[in-house]
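[1] Task: produce atomic coordinates for the following.
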Amino acid sequence: MVKTRSKKNISALVVVHNEEKQLHDCLKRLNFVDEIVVVLDNCTDGSKRIAKRLSTKQIEGSWELEGLRRNKGISHCSGNWILEVDADERVGKKLASEILEKIHNATNDWFLIPVDNYIGNRLIKYGWGGSFGKSSYPGLFRKGHKIWGKERVHPKLKFKGKRGQELINPIRHNFDRNISGLIRKLDSYSSARALDLRDSNNLGTFIGNFRRIFSRFLKCYFFRKGYREGSYGLLIALLAALYPILSYLKAKNEKN
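    So this is what the prediction gives:
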């Protein structure tokens with residue numbers, strides 16, 4: 001159990017859905033914060049048992065939209081600062097020290113955290129983008145200065161206050177175990193995005209989404225140097241390129 005203090009300066013927020021295989025290692029590395037808040041979204045595995053043992057507060061519920069469950073978690077954090085971490089992410093000792101140093105007498109309101117993305121045990125540094133993977137994210141912020149949008153996948157963000165300099169030490173992101181997992185992610189992401197497109201009543205056009213195949217591939221493989229990662233860089237560029245057109249086709253043709 002994380003130690004608590006009368007005055008909470010920093011809270012860690014972890015939002016999960018059936019993450020018993022990842023959650024223990026994630027929470028164990030957050031023992032430098034004042035409280036850990038875990039949002040359990042319709043969990044049916046052992047995530048609740050792990051959260052009760054290693055976190056300060058557990059919020060249970062069922063949310064259809066990603067942004068709503070994250071905003072709910074933020075509202076339950078007591079700290080002046082919030083560190084938002086996913087179950088498949090790991091905060092190392094150097095990053096933990098940098099976070100505590102950064103918020104001490106900080107004049108800024110939110111910070112980007114660099115990300116090291118792993119497939120299995122291999123670090124993939126180049127080629128991420130196009131709503132597939134992330135090179136950094138705004139994971140450290142004052143409470144009330146970051147608001148999630150209502151989309152199902154990759155919700156839009158609204159910020160208040162002043163952005164600080166990006167942190168130096170990266171967080172480890174266990175993006176997936178293998179190529180099959182990457183392909184399953186594409187299917188899951190595009191299905192959720194299709195629902196968002198239908199809700200917005202703005203699917204775009206086939207030609208417009210088809211053209212994005214080429215622009216996204218070029219961006220990930222060449223401009224973001226995915227070619228330096230060999231076959232993995234090629235695969236990531238292809239998956240990022242296919243994401244918009246797959247989302248469009250699912251939104252247009254799949255009723256449920």
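
[2] Which residues are in contact with residue 197?
    203, 204, 247, 248, 251 (CB atoms under 8 Å, 6 or more residues apart in numbering). For glycine as for every other residue, the C-beta is placed from the backbone atoms N, C-alpha and C.

[3] how much space between it and residue 66?
    Remark: distance between residue 197 and residue 66 (CB to CB, to the nearest Å) = 15 Å.

[4] Confirm residue 27 sits in a helix?
    Yes: counting by DSSP: H, G, I helix; E, B strand; the rest coil, residue 27 is found in a helix.

[5] ok, it - how many residues close by?
    By other CB atoms under 10 Å, 22 other residues sit near residue 27.

[6] Could you find the closest non-adjacent residue to it?
    Spatial nearest neighbour of residue 27, excluding adjacent residues (CB to CB, 6 or more residues apart in numbering): residue 54 at 4.0 Å.

[7] my guess is that neighbour contacts residue 28, does it?
    Yes: counting by CB atoms under 8 Å, residue 54 touches residue 28, with 6.6 Å between them.

[8] Show the model's pLDDT score for residue 8.
    Residue 8 is assigned 67 on the pLDDT scale.

[9] same thing with residue 131?
    Residue 131 is given a pLDDT of 79.

[10] That one and residue 27, how far apart?
    28 Å.

[11] Same question for residue 39.
    Distance from residue 39 to residue 27, by CB to CB: 13 Å.

[12] Give the buried residues for stretch 208-216.
    For stretch 208-216, a neighbour-count test (16 or more other CB atoms under 10 Å) marks 209, 212, 213, 216 as buried.

[13] how many neighbours does residue 240 have?
    Per other CB under 10 Å, the neighbour tally for residue 240 reads 26.

[14] Now do the contacts for it.
    Neighbours of residue 240 in contact, by CB under 8 Å, 6+ apart: 129, 130, 131, 132, 133, 216, 217, 219, 220.

[15] Thank you kindly, that will do.
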